[in-house]
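Chemist: one predicted model, sequence on top.
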Amino acid sequence: MSSKIISPFNRVEGDLDVEVKFERNKVVDAKIISRLFRGIEIILKGKNPLDALVITPRVCGICGASHLYASASALDMIYNAEVPINAIRLRNVLSMAETCQNDLRHTYFMFLIDVLNNKYRDYANFEEVIRRWAPIQGSSYKECFRWSKKYTEVYAIFGGQWPHGSAIVPGGITADPLPNEIQRAISILLDIKRNYLEKVILGGPIDQFLDTVKSYNDLLQWAEDYKEGDLAKILEFGLEANWHKLGYGSGIMLSYGHLPIEEYVGIPRKKYFKPGIYFAKEKEYKEFDQRNVLEFVNSSYYIYSKGDQAGLHPFEGETNPNLDEKNKNKYSLTKCFRYKLDGKLIAPEAGALAMLTVSGNPLILDLIDKIGPSVLSRVIARLVRVLIYNELMLQELNSFEFGKPTYKKPSEVKEGMGYGLVEAPRGALGHWVVVKNEKILNYQIVTPTQINMSPEDPLGNKSHMALALIGTEVSDVNNPIEVHHIVRSHDACMVCNVHMLKLI
Amino acid sequence: MKTILWLQGGACGGNTLSFLNAENPDVLEFFSYYDVKVLWHPSLSLESGDKVRELLNNIVDMKINLDIFIFEGTVVLGPNGSGKFNMFAGRPMKDWVNEISKVANYVVAVGDCASFGGVPASEPNPTESTGLQFHKKEKGGFLGKDFRSRKNLPVINIPGCPAHPEWIITTLSMIINDKLTEEDLDEYQRLKIIYSTTTQFGCPRNIYFSYKVALKEFGHREGCLYFDLGCKGSYTKSPCNVILWNKQSSKTRVGTPCFGCTEFDFPTFNFFVTEKNRSGIPKRLPLGVSRGAYTTLSAVARASAPEFLVKPLIKKKEDRGNWLE
Ligand code: SF4
């Protein structure tokens, strides 16, 4: 048995170590190791609850608005805030603009440049994809550089600045845009749509794609009809490279749902993308209930006052780091996420693929039916989400009603508990907050990367990412590009809490 | 050709993302125009694993010349000084930072974390984080107050949470052209051309500030955020409202208070509240204004506030209009 450590594992947000054990060329064990701890939850203790709106976006430079949205939603619940429809629309736009920026940058800067690998030298399409996707020089790489930042302009019009604006507050949003600002954002989104998404990504009209491509076969047909789009090239290259057979993982999809549709008080009822859990093999959907979320530390460098075998719901969560290197069971600075379902602990997958499956997108559902949850289906789902979001942003902005409020001041409360559940670019993100005497008593953040890449739970169950790696056959143990594809197809975010790829 | 190495410590990656938003020149144009070679960057480079370690070792052994070492995030010293909360390429990141800083011609701290410690270093500083050459207000930080890079300059700070891409590009281009001297830096080792004016310069709410018209709640274009909503724009050094973010806006323009993220004391917490003394005067006064002067000026200014400024400029359907004071 040979072992390989890849440390640092780059092109994830932050640095990462992954330990992979090989038997000949097959991965037989994998550990994902988080080695960065920043202590945000500890810093928030005792602070004014609103301070979380400034501090939590700083958990992650690429998805700060998701943390902001989750934080404000948790506070909406605590203050029982009435959130006007205008505010909901703008909050949604902020979240989607950031996610589109992320999804494009992840696809081109972090994922696709791996086609430069030696393994692909003899592929028929090699020259072509290099011309498009090579770092710095590739035509589509450059286009992504140019266009992804336009989404941050849309963000800044209502959010002030990206990264790290803090315009979402309990009760609404701080901005009060005039019609010309709404118009400007619409114009940027239309520019992106016509001159980038349709020309470079899709090679054809978005409206037609969203209206007609409803199955894997439709997608193959689309790739035939619109050969020049990157989507067609990704599909073609991915199938040749067997990306559709890589990285199946747990086969359980989790989404917290995203983007409220209507005004609410305290907690949103209806969302554009519904929450839930979906079992890919069984094609079975289950309701999601946040009460079943648990965090374990038996394999993580933390201690619990109730003992390290306990599983705590985030409302009761504890963050006491303890780097005890003598304890051989512990190896990660990420706590272990598990969802309790019918007495079992499940370790689902989170991300664009999970979100679109759970919410019932027909194309993505058929995709995972035909080519499984896989590297290829994840990359495609991420791009499809950009198309959907771009349209939905236009819809939200067109429905904005100037003259109606964007904020309603909630009445003050001294204590309470609330959670905010959103779909960040990398998947299900939750903030659980307990307020006492007008101060934060406990603040627990559970990130999507944690859901995908936790260490083992007390029953020895592995997380989705480890499962996705185990069983993978690599073409060259010294160049395990397949391992890179699997990890990067998840858009790992190590700054949330993690480091990975180290060999045992 | 100049070489750059960019590493991240206790960081969120926000400065990298901010840098990618640069325009005129954008990052690719900037690199090619100034003939910059990026030796390695955690999210932009191809190389992983052993190859990176080899590169770092070659830099430390001076087999590869390093012109500019850019560090993002805090230097993490915890737990107990070991640095093990932030391991990188097989070692605590702090050890790499220490060795690489000695061989780089210039050392640049990008963002508030690398400059002063920022969010991770705030109380109770659970990761034992610090900035490269400052710990909050105090000079010293990780590299020590006497540290000088090979070109005989202290660490060049580009604070901001994150730093604006234009500040990063401006600073780097001055370095690359060998134009940056010690006289260009202020007491916090920031470029004076960027950090001499306050965030208030260019804020559209400035007229409300002048006449002491306060905004009482969020969600409105009118009124100044200083008096009740915690805005630090009148005593924070940054050109946010002059050069704007993402070509579009700024926090105060969209009604979010300035949080003072270019300063050594960020984050100060209690962000959305203006702390006041017993007579109702804000505890922190605008830069350079004395308490006496403030009191006198306020009374006169408020009394002479033009009629059209003390009510909403555009009456809206559900407007109660009682949010200005
Ligand atoms: S205090 Fe803030 S809101 Fe008021 S003028 Fe200054 S920067 Fe603008």
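Modeler: Received the coordinates, thanks.
Chemist: could you pull out the strands for chain B?
Modeler: B:2-8, B:36-40, B:68-72, B:75-76, B:87-88, B:91-92, B:106-110, B:129-130, B:134-135, B:138-139, B:156-158 (DSSP state E).
Chemist: okay, those, which one's buried deepest?
Modeler: strand B:75-76 (a mean of 32; mean count of other CB atoms under 10 Å in any protein chain shown). C-beta: built from backbone N, CA, C; applies to glycine.
Chemist: about what we covered before: wait, which of the strands of chain B is closest to chain A?
Modeler: Each of those has some distance to chain A by CB to the nearest CB; the shortest is strand B:87-88, at 4.1 Å.
Chemist: list the helices and strands the closest one packs on?
Modeler: For strand B:87-88, there is no helix or strand it packs on, judged by 3 or more CB pairs under 8 Å, 6 or more residues apart in numbering or on different chains; DSSP states H and E.
Chemist: partners of that strand in the sheet?
Modeler: Using DSSP bridges, the strands paired with strand B:87-88 are strand B:91-92 (antiparallel).
Chemist: now the partner strand: average pLDDT?
Modeler: The average pLDDT within strand B:91-92 is 93.
Chemist: nearest residue to the middle of chain A?
Modeler: Taking CA atoms, centre = their mean, the centroid of chain A lies closest to residue A:426, which sits 0.9 Å from it.
Chemist: nearest spatial neighbour of that residue, chain-adjacent residues omitted?
Modeler: Excluding the flanking residues, the one nearest residue A:426 by CB to CB, 6 or more residues apart in numbering or on different chains is residue A:448, at 4.1 Å.
Chemist: what about the one you found, distance to residue A:491?
Modeler: In this structure, residue A:448 and residue A:491 are 9 Å apart, going by CB to CB, to the nearest Å.
Chemist: joint contacts of the two?
Modeler: Counting by CB atoms under 8 Å, 6 or more residues apart in numbering or on different chains, the shared contacts of residue A:448 and residue A:491 are A:351, A:426.
Chemist: between those two, point out the one with more neighbours.
Modeler: residue A:448 (32 against 28; other CB atoms under 10 Å in any protein chain shown).
Chemist: for the stretch 1-150 of chain A, which segments count as strands?
Modeler: With DSSP state E, counting those that start in this stretch, the ranges of strands along the stretch 1-150 of chain A come out as A:2-6, A:17-23, A:26-33, A:82-83.
Chemist: residue A:135: which of these is closest?
Modeler: Minimum separation from residue A:135 across these (CB to CB) falls at strand A:2-6, 18.7 Å.
Chemist: pick out the shakiest of the strands of the stretch 1-150 of chain A, pLDDT-wise.
Modeler: Among these, strand A:2-6 scores lowest, at a mean of 67.
Chemist: before we move on, back to that, can I get the strands of chain B in TSV with distance to the ligand?
Modeler: Output for the strands of chain B, formatted as TSV (distance: least, CB to the nearest ligand atom, whole Å):
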stretch	distance to the ligand
strand B:2-8	30
strand B:36-40	35
strand B:68-72	26
strand B:75-76	31
strand B:87-88	38
strand B:91-92	40
strand B:106-110	24
strand B:129-130	28
strand B:134-135	24
strand B:138-139	27
strand B:156-158	21
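Chemist: mean pLDDT lowest where, among the ones you listed?
Modeler: When these are ranked by mean pLDDT, strand B:87-88 comes last with a mean of 86.
Chemist: which ones are touching the closest residue to residue A:276 other than its chain neighbours?
Modeler: Distances taken as CB to CB, 6+ apart place residue A:358 nearest to residue A:276, at 4.6 Å, with adjacent residues excluded. Neighbour list for residue A:358: A:253-255, A:257, A:273-278, A:285 [criterion: CB under 8 Å, 6+ apart].
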